[in-house]
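Visitor: Let me see the structure of the following:
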Amino acid sequence: MTRTIQLLIYIFVFGFLAGCAESPGEPPPGDDTNLDTGSPADEAPPWTAQEVEAFVREAFQFGFPSYPTLFDHHQTALLNSEEGCPNVSQMVQDEENWSTVWNASDCTTSSGWFFNGIANLEASYDTYTGVRFEQFISNFTITDSDGQSWTSGGLGEVTQYNEEHWSSEMGIAGTQHYENSGDWLQSVHSLVMNVDAYRDDAGLHVTLTGGLLMESFSVDFHDLQFEPACINTPSGIIGIRGPDGNWFDLVFDGDCSECAEVSWRGQDVGTACLESSTWVEDLAQSMGDPE
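Guide: Predicted coordinates for the structure are as follows:
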């Protein structure tokens, strides 16, 4: 099965589970827009712009999802394994080409780590093309010695290209949630996310698509573009769907501002802002950006 097909499968599954939500800015499924229920202009938005901003800040409080976080947590877990818990098989050609596979059925180590499920990590490097590839496939629950549980079921991968200019692609899809991890795995429950990044003579360019499912709300990215002139502020739309099912759109016009106009069903609601940070540059660095 190719990586593209795998990712599409996870996107379909996530879309089925989380896709009961209507598209941003549209009426909920089943609403008959021909009924005289009042125009959007007659209805007051259920949230203020400040409440929408609070959802955005909560979504990014631990930074942005990245593949290395999955890898690092997994390596920490395996450092706390013991013979037979889990059953680990490793194949190492060199530091650039290797694979690790494990499986376990409800086993607990003497240090208190619990393993159940399967996982496969692999890395490869093509010396002819200069392409480096890493992949993480999972279906497991791991509980650490502090009793914090990591539920992981899905696919993560990153590909780096070394051509005239550096470029990289990263995709993460499926269920990923680690209680009190102190990073994005703590706030995210499921996601489908694709990041394309490259660096040319003008600087760093990043495109972000997909969405995140948090505990009580979700976030949708509409082809967010980050360009060298203002690399940590986007152009495009971020959709926020709250616990009551309402979608709000944050529209960034690419003027290098961290603030966006908030709309609800065509109504202007106000302004919401991202926190100032180097989050896009940090994301590109996690994908192998050499700068």
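
Visitor: distance between the host helix or strand of A284 and the chain's centre?
Guide: Using DSSP states H and E, A284 falls within helix 279-286. The chain centre lies 13 Å from the centre of helix 279-286; the measure is C-alpha atoms, centre = their mean, to the nearest Å.

Visitor: Same question for stretch 122-142.
Guide: Distance, centroid of stretch 122-142 to centroid of chain: 18 Å (C-alpha atoms, centre = their mean).

Visitor: That one spans what distance, first to last residue?
Guide: Terminal residues of stretch 122-142 lie 19 Å apart, using C-alpha to C-alpha, to the nearest Å.

Visitor: Look at G245 and tell me its secondary structure.
Guide: Secondary structure for G245, judged by DSSP: H, G, I helix; E, B strand; the rest coil, is coil.

Visitor: tell me the phi and psi of it?
Guide: Backbone geometry at G245, expressed as degrees, to the nearest 10, gives phi 90, psi 0.

Visitor: And for it, the neighbour number?
Guide: Other residues lying near G245 total 13 when counted by other C-beta atoms under 10 Å. C-beta: built from backbone N, CA, C; applies to glycine.

Visitor: Next: the one 4 residues further on.
Guide: When neighbours are counted by other C-beta under 10 Å, D249 registers 21.

Visitor: Same check on the one 5 residues further on?
Guide: When neighbours are counted by other C-beta under 10 Å, G254 registers 14.

Visitor: S263 now?
Guide: 21.

Visitor: what sits up against the helix holding A284?
Guide: The contact list for helix 279-286 (C-beta atoms under 8 Å, 6 or more residues apart in numbering) reads 60, 63-64, 66-68, 168, 170, 195, 197, 199, 204, 206, 226, 231-232, 234, 289.

Visitor: same thing with stretch 260-270?
Guide: Contacts for stretch 260-270 (C-beta under 8 Å, 6+ apart): 25, 27, 40-41, 43, 45-50, 52, 238, 246-253, 271-274.

Visitor: Check stretch 177-191 too.
Guide: Contacts of stretch 177-191 (C-beta under 8 Å, 6+ apart): 14, 17-18, 58-59, 61-66, 69-70, 73, 146, 148-151, 172-176, 210-215.

Visitor: Return the distance of it from the chain's centre.
Guide: With C-alpha atoms, centre = their mean, you get 10 Å for stretch 177-191.

Visitor: what comes up buried for the helix or strand G270 falls within?
Guide: If you go by DSSP H and E, G270 is part of strand 267-273. Neighbour counts over strand 267-273 (16 or more other C-beta atoms under 10 Å) mark V269, G270, A272 as buried.

Visitor: cool, and stretch 156-168?
Guide: G156, E157, V158, T159, Q160, Y161, W166, S167, S168.

Visitor: can you pull the contacts of the fourth one?
Guide: Listed by C-beta under 8 Å, 6+ apart, the contact partners of T159 are V131, R132, F133, E134, S168, E169, M170.

Visitor: Kindly recompute the last result at 6 Å.
Guide: The contact partners of T159, by C-beta atoms under 6 Å, 6 or more residues apart in numbering, come to F133, E169.

Visitor: Parallel or antiparallel, which strands does whichever helix or strand it is part of pair with?
Guide: Using DSSP H and E, T159 sits within strand 149-162. With DSSP bridges as the test, strand 149-162 is paired with strand 132-143 (antiparallel), strand 166-178 (antiparallel).

Visitor: Buried subset of the contacts of helix 279-286, written for PyMOL?
Guide: Selection of buried members from these for PyMOL, criterion 16+ other C-beta under 10 Å:
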select buried, resi 60+64+66+67+168+170+195+197+199+204+206+226+231+232+234+289
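
Visitor: Show me where the protein has its helices.
Guide: In the chain, the segments counted as helices under DSSP state H are 3-18, 49-59, 67-79, 184-187, 279-286.

Visitor: Mark out where each domain of the chain begins and ends.
Guide: Following automatic domain parsing, one gets these domains for the chain: 45-65+188-291, 66-182.

Visitor: Now do the shortest one: distance from first to last residue.
Guide: Criterion C-alpha to C-alpha; first-to-last residue distance in domain 66-182 is 14 Å.

Visitor: Kindly report the same for stretch 264-277.
Guide: One end of stretch 264-277 sits 27 Å from the other (C-alpha to C-alpha).

Visitor: Quick one: mean pLDDT over it.
Guide: Across stretch 264-277, the average pLDDT comes to 91.

Visitor: ok, back up a step: chain center to the strand holding G270, what's the gap?
Guide: How far strand 267-273 lies from its chain's middle: 25 Å, per C-alpha atoms, centre = their mean.
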